[in-house]
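build the 3D model from these lines:
(chains A and B)
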Amino acid sequence: MFTILKSVRQYKWASIATPLLKVLEVIMEVLIPYYMADLIDYGIDKGNMDYVVKIGILLICFTVLSLTFGIGGSVTSAIASTGFAKNLRKDMYYNVQKFSFSNIDKFSSSSIVTRLTTDVTNIQNAYQMCLVVAVRSPIMFTVSIVAAFRINSRLAWIYVGCVPILLITMLLILKFVHPIFQRVFQTYDKLNNVVQENVRGIRVVKSFVREDYEINKFKNISQQIFKDFAIAETRMAIVMPVMLFCSYACIILISWFGSRLILASGNNPANGFTTGQLMSFITYATQILISLMMLSMIFVMVTLSRASVERCEEILKEESDITTPENPVTEVKNGDITFKDVNFSYKKGSDNYCLKNINLNIQSGETIGIIGGTGSSKSSLIQLISRLYDVSTGSVFVGDVDVRKYDLDVLRNAVAVVLQKNVLFSGTIKENLRWGNENATDEEIRHVCQLAQAEEFIEQFPDKYDTYIEQGGSNVSGGQKQRLCIARALLKKPKVLILDDSTSAVDTKTDALIRKAFLTEIPDTTKIIIAQRISSVQDADRIIVMENGCIDAFGTHDELVKKNKIYQEIYTSQTKGGSK
Amino acid sequence: MAPNNRNMRPPKGAKIPGQKIDFVAVKRLLGYMKNYKLTLGIVAVCIILSSLTNVASSIFLQILIDDYILPTLGRPNPVIQGLSKLILTMCGIFAVGIISGYLYNRLMAVTSQKVLKEIRDEMFEKMQKLPIRYFDTNTHGDIMSHYTNDADTLRQMLSQSLPQVFSSVITIVSILTTMLVTSWLLTVVVIVFVILMLMVTGKVAGNSGKYFIRQQNSLGDLNGYIEEMINGQKVIKVFCHEEKAKEEFDRKNEELCENARKANAFANSLMPLMHNMGYLLYVILAIFGGVIAVTTGGVTLGAIASFLNLSRGFMQPISQVSQQMNMVIMALAGAKRIFDLMDEQPETDNGYVGLVSAKIDGDKITECNEHTGKWAWKHPHGDGTITYTPMKGEVVFDGVDFGYVQGKTVLHDIHLTAHPGQKIAFVGATGAGKTTITNLINRFYDIDDGKIRYDGININKIHKSDLRHSLGIVLQDVNLFTGTIMENIRYGKLDATDEEVIAASKLANADDFIRMLPDGYNTMISGDGGQISQGQKQLISIARAAVADPPVMILDEATSSIDTRTESIVQAGMDSLMKGRTVFVIAHRLSTVQNSDVIVVLEHGKIIEQGTHNQLIAQKGKYYQLHTGAFELD
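Just a heads-up that it's a prediction; the model follows:
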């Protein structure tokens, strides 16, 4: 609960001002009926017009004040709650930016998005409600009770009698209705899940002719929701009559005893109870009831938003496990890469390693191919080089320095990775490429595009380098996307360039051209290429064959074709039919 | 206390309601209420009774003061005559009020849930019958929001806003009537004041609405940005782009905060505004009434007092109506969207030829209920006779043209014959029309021109459900449902035994990895099946198609996420699965399709080459170029 409150920051004052203004408003709202009583007793009843005008003006002043405080409080509560939500979103988003890959893996991206949006909105609403009501209602309650006691202490006890009735009702509701509502939420999620799966998988539903099956599934859940809701609402329906009962009971009792008191006092304010006070008393009754009801509402709202709070705090409290060390090394000397006794598991503390006992030596400027089946941990291997994950045991060196000693930005700018699941962002081609280097000149951009064999198709677009890329790069083909991603990485002028299956959608001819360009244009850069196609790696200096997290073999194409069984298998499976 | 705004995210393309009541939607909503005429009648009576009780409590005070207390004052030994009788009467009235309050709340809550359930169920039922086109042309988020946002506002309106508005209106009318009876002069003052007040609050509400729309827009904008960034978070890390990603976020976040603040500030101000206007009215009435009472004596003091009290009771329902009206308008907009979905044209099915399991004994075909592995087409004739022809699995495309949008043809003059048991492969670039062809065979879309014949029967004469039953389909994007792996595979054939499911898994080579999972076949798949890889999901979906054991299969990039080595293992299973069936295969990897009986090369919706691997290689055309890697396929 308290972690998120740190995000209030500059809206602290608005957050404090809101309840204060609301308290002032309450005082006015309590004073107003108090003077209204006087207006009737001393003014109207006595036919004293001067008094009516005098108190009338006073009341108008109070109303203006009350309005000012009320609107003031509304404005500050809006400032405070929306500001708080803004900061909360910002803090979460900033923390996500610090996340390492393993942090990101822990939360699915859709869950991060929901937390940043829906959950924050829920918290914003609850926070505003708290600011406005949490202070206002208890004060309203107290002040109304005090005022009632001041007018007539014996009659005021009637109100006190109502409190336990209402409290018990609320408690019963909490106990018997709240759990049902929570269950309904879960069932609702189930229902939405069914809809979502059906919308997404409609082709499956229709091709298996399962419409009726799905309709039944839906109707069952729908029925369950109806049943639960009906029970919950039926029980909830008791609240209104209880409130009515209290309110009417107060009226009856106050009228009964009040009228006697009025008679006893001769309706003279100097002697005791009066008709005006009777009216005020009834106003207080409403105020007390309303404040109690608001309190119970806020209680429910807070419990409901508790889940959202917890989900947001999970993000805020998540600490990145990969950070720049103190006194980091700020220069990567060359593209040498060494793996020494590396074991790695995605799960911390687990010795179920997905990379086992890796020892490797790669010279600066070499071209290395990596090949192996799905799940042979090819990607895991290369992600350790730019410290996207940390090794479990052993160490990885780049330029003869342990990667954990580098400044992270320095390391990642020197080791460019083109990820398997790569993404372009909405924006022009130029903007996307400049991710590699913000200050790249048009000339440099053109150059890397030539290397990545992307220039040709970019020039064919009507807007060329200013062509707008839709979200996720949906308006360029897979092969074009991959080449743009390679160009983007090249702009970094990296010491090590890693392509994780990044030319899978590029035809073999272009693929070969890209590799040729690498060879002649960036000879000093270490190039690591993961591929499914033998043709993509066969002319590399050396090829790593991965199997089940181990290096099965490391050698040239010719050596492997002769000696390595796995490599031979892959080779034959791809050249079967004699195309080459 | 009810759950609200569970899904605050506005769907893309969701319309923010204008300030207008949609009467067509109202009428249809009322249509759903028709079945509950009696209940709703009772509800209406109860609401009226409970509102009248509320008004009665105000009048009661006036009577108490004017007729009982004041006349007794000044007497030497004051005892109020008949007070107990009055109080008792009031007790009776209040009891009626309380009971009717309880009744209408309870009845309305249950009825509105019932109506809502009906609407929800009908919506889903109708949705299931919509053609694939609907799902392809509407975003999933938008369809979903019918069930979340729209249904939710509707629920709130039915169970809360409607009764409140109704009871408020009754209260307003009865208070106004009482006021008129008490003093028409003061009533005029009240009416003038209320009109002025509504003008002021209308302005505030209008402003609030304006900024609310802006808030929703910037919320959508920010959400979109967050979604894009979070999905590309790993790329951001690789490029050390974190600071840049924050800049744009900050700008959008700030903008949202700005609009949300204004929207909320205006909306929050409405309550205090109404409240204090009420006080103002009170004071004005006191002064005005006092002046009249003192100068002309046109009103009694008691009347003023009760008028003052009435005026307080008057403000609350008015502010309630003005608050709930927004809700009602929003809910009606939601109802309209729901009704629009229901009114979408469902898939048409004019087929009359059915597919049945059959025993074939020479020329004699008899229909049977059990699964024999043999099927027959069942033709009913106009004269009541039925003939059976054996189902063989021959599919012929005869000059087929098709376009998703009218006037934009994506398939041109497709001629193609798949003989029973043949494997037909489609090759071509993205957008060449490969998937489109398979969409036509199972009538996800209907062709514009030409004919598709299935064993010589025009496919639009076949019952859609039977047509689809006869076609097994495995898609690239695997959609699994929440449930165990066993249940997911059984989806292909609901009455399949565990043994059948396991046999199908073995056929698809999925058995090995499923057994390796901690819970084996009982492993729960939830969400998008995060715990198993894409390749494994494809294996499950192959098993799902296998258990259905259909005579014809369509494999659309079914093995694209499986690496070449595993694929060659799966291929063995696939080959045994395909044995004796007509199979349509779309594959990215040419190695997958090499052994097909016919390879169809598509370009821009036209068949440019057709033949076996060896024939096409010999032709040295497009396929040859693709095969030697001279062309880009993606």
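
where does the prediction get shaky in the stretch 151-300 of chain A?
A:300 (pLDDT under 70).

now the strands for it?
Assigned strands in the stretch 151-300 of chain A: none (criterion: DSSP state E, counting those that start in this stretch).

go ahead and confirm residue B:22 touches residue B:332.
Yes. Between residue B:22 and residue B:332 there is a contact at 4.7 Å, judged by CB atoms under 8 Å. Glycine gets a C-beta too; all of them are placed from N, C-alpha and C.

ok, now which ones touch the residue lying closest to residue A:217 once chain neighbours are set aside?
With sequence-adjacent residues excluded and distances taken as CB to CB, 6 or more residues apart in numbering or on different chains, residue A:217 is closest to residue A:194, at 6.0 Å. Going by CB atoms under 8 Å, 6 or more residues apart in numbering or on different chains, residue A:194 touches A:214, A:217-218, A:221, B:482.

what's near enough to touch the closest residue to residue B:448 other than its chain neighbours?
Nearest residue to residue B:448, sequence neighbours excluded (CB to CB, 6+ apart): residue B:401, at 4.9 Å. Shown in contact with residue B:401 (CB under 8 Å, 6+ apart): B:409, B:411-414, B:447-450.

quick one: what helix or strand has the closest residue to residue B:521 other than its chain neighbours in it?
Closest residue in space to residue B:521, ignoring its immediate chain neighbours: residue B:486 at 4.3 Å, by CB to CB, 6+ apart. Per DSSP states H and E: residue B:486 is located in helix B:485-490.

same deal with residue B:359?
Going by DSSP H and E, residue B:359 is part of strand B:354-361.

more neighbours, residue B:22 and residue B:332?
Neighbour totals were compared for residue B:22 and residue B:332, and residue B:332 leads with 22 against 17 (other CB atoms under 10 Å in any protein chain shown).

so which other helices or strands are in contact with the helix or strand that one falls within?
Secondary structure from DSSP H and E places residue B:332 in helix B:301-343. In terms of contacts (3 or more CB pairs under 8 Å, 6 or more residues apart in numbering or on different chains; DSSP states H and E), helix B:301-343 is packed against helix A:275-317, helix B:23-33, helix B:37-63, helix B:83-128, helix B:151-156, helix B:162-182, helix B:184-231, helix B:242-295.

pLDDT averaged over stretch B:54-63, what's the number?
Averaged over stretch B:54-63, pLDDT sits at 79.

quick one, the helix holding residue B:332 and helix B:184-231 angle?
40 degrees (axes from the mean of the first three to the mean of the last three CA atoms, to 10 degrees).

can you give the distance of helix B:301-343 from its chain's centre?
Put simply, helix B:301-343 sits 28 Å off its chain's centre (CA atoms, centre = their mean, to the nearest Å).

now that helix: mean pLDDT?
Mean per-residue pLDDT for helix B:301-343: 78.

that one to helix B:242-295, inter-axis angle?
140 degrees.

just want the angle from helix B:301-343 to helix B:162-182.
150 degrees.

for chain B, which residue gets nearest to chain A?
Using CB to the nearest CB, the single residue of chain B nearest to chain A is residue B:272, 2.6 Å away.

report the contact partners of that residue.
A:25, A:66-67, A:69-71, A:73-74.

mind checking pLDDT for residue B:453?
90.

show me what contacts residue A:190?
Contacts of residue A:190 (CB under 8 Å, 6+ apart): residue A:221.

try residue B:474
B:538, B:541-542, B:544-545, B:553-556, B:558.

now, the residues you listed that are in helices?
B:538, B:541-542, B:544-545 (DSSP state H).

pLDDT and distance to chain A added to those residues, as CSV?
As requested, the ones in helices among the contacts of residue B:474 are exported to CSV (pLDDT from 0 to 100; distance: CB to the nearest CB, whole Å):
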residue, pLDDT, distance to chain A
B:538, 79, 11
B:541, 85, 8
B:542, 85, 13
B:544, 88, 8
B:545, 86, 9
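
residue in the stretch 451-580 of chain A with the shortest distance to chain B?
Closest residue of the stretch 451-580 of chain A to chain B, CB to the nearest CB: residue A:508 (3.1 Å).

number of residues surrounding that residue?
Neighbour tally, residue A:508, other CB under 10 Å: 17.

ok, it touching residue A:531?
No. With contact defined as CB under 8 Å, residue A:508 does not count as touching residue A:531 (10.8 Å).

now residue B:173: how far from residue B:322?
Distance, residue B:173 to residue B:322, using CB to CB, to the nearest Å: 16 Å.

those two: who's more crowded?
Neighbour tally, residue B:173 and residue B:322, criterion other CB under 10 Å: the higher count belongs to residue B:322, 18 against 14.

that older thread, which SS state does the residue nearest to residue B:448 fall under?
strand (DSSP: H, G, I helix; E, B strand; the rest coil).

is any part of stretch A:27-40 close to chain B?
Yes. Stretch A:27-40 lies within reach of chain B by CB under 8 Å from any CB of the partner chain, at A:29, A:32, A:36, A:39-40.

narrow those residues to those in helices?
Short answer: the residues of stretch A:27-40 next to chain B in helices (DSSP H) are A:29, A:32, A:36.

pull out the buried residues from those residues.
For those, a burial check counting by 16 or more other CB atoms under 10 Å in any protein chain shown picks out A:29, A:32, A:36.

would you turn those residues into a markdown table with pLDDT and distance to residue A:554?
Output for these, formatted as a markdown table (pLDDT from 0 to 100; distance: CB to CB, whole Å):
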| residue | pLDDT | distance to residue A:554 |
| --- | --- | --- |
| A:29 | 80 | 82 |
| A:32 | 81 | 87 |
| A:36 | 76 | 93 |
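
ok, so of these, who is nearest residue B:405?
Of all these, residue A:29 has the smallest distance to residue B:405: 62.1 Å, by CB to CB.

who's in contact with that closest one?
Going by CB under 8 Å, 6+ apart, the list of residues near residue A:29 reads A:66, A:140, A:287, B:275.

of those residues, which is the most crowded?
residue A:140 (26 neighbours).

number of nearby residues for the residue nearest to that residue when sequence neighbours are not counted?
In space, and not counting its chain neighbours, residue A:140 is closest to residue A:291: 4.1 Å by CB to CB, 6+ apart. Applying other CB under 10 Å, we find 21 residues neighbouring residue A:291.

again, but for residue B:607
Counted with other CB under 10 Å, residue B:607 comes out at 21.

quick check, it in contact with residue B:411.
No. Contact criterion CB under 8 Å: residue B:607 and residue B:411 do not qualify, at 9.2 Å.

please pull out the lowest mean pLDDT helix or strand from chain B.
helix B:564-578 (a mean of 70; mean pLDDT, DSSP states H and E).

just to revisit the earlier point, for the strand holding residue B:359, list every residue counted as buried.
Result for strand B:354-361 [16+ other CB under 10 Å]: buried residues B:354-356, B:358.

who are the packing partners of whichever strand or helix holds residue B:365?
In this assignment (DSSP H and E), residue B:365 forms part of strand B:364-367. Packing partners of strand B:364-367 (3+ CB pairs under 8 Å, 6+ apart): strand B:354-361, strand B:375-380, strand B:386-390.
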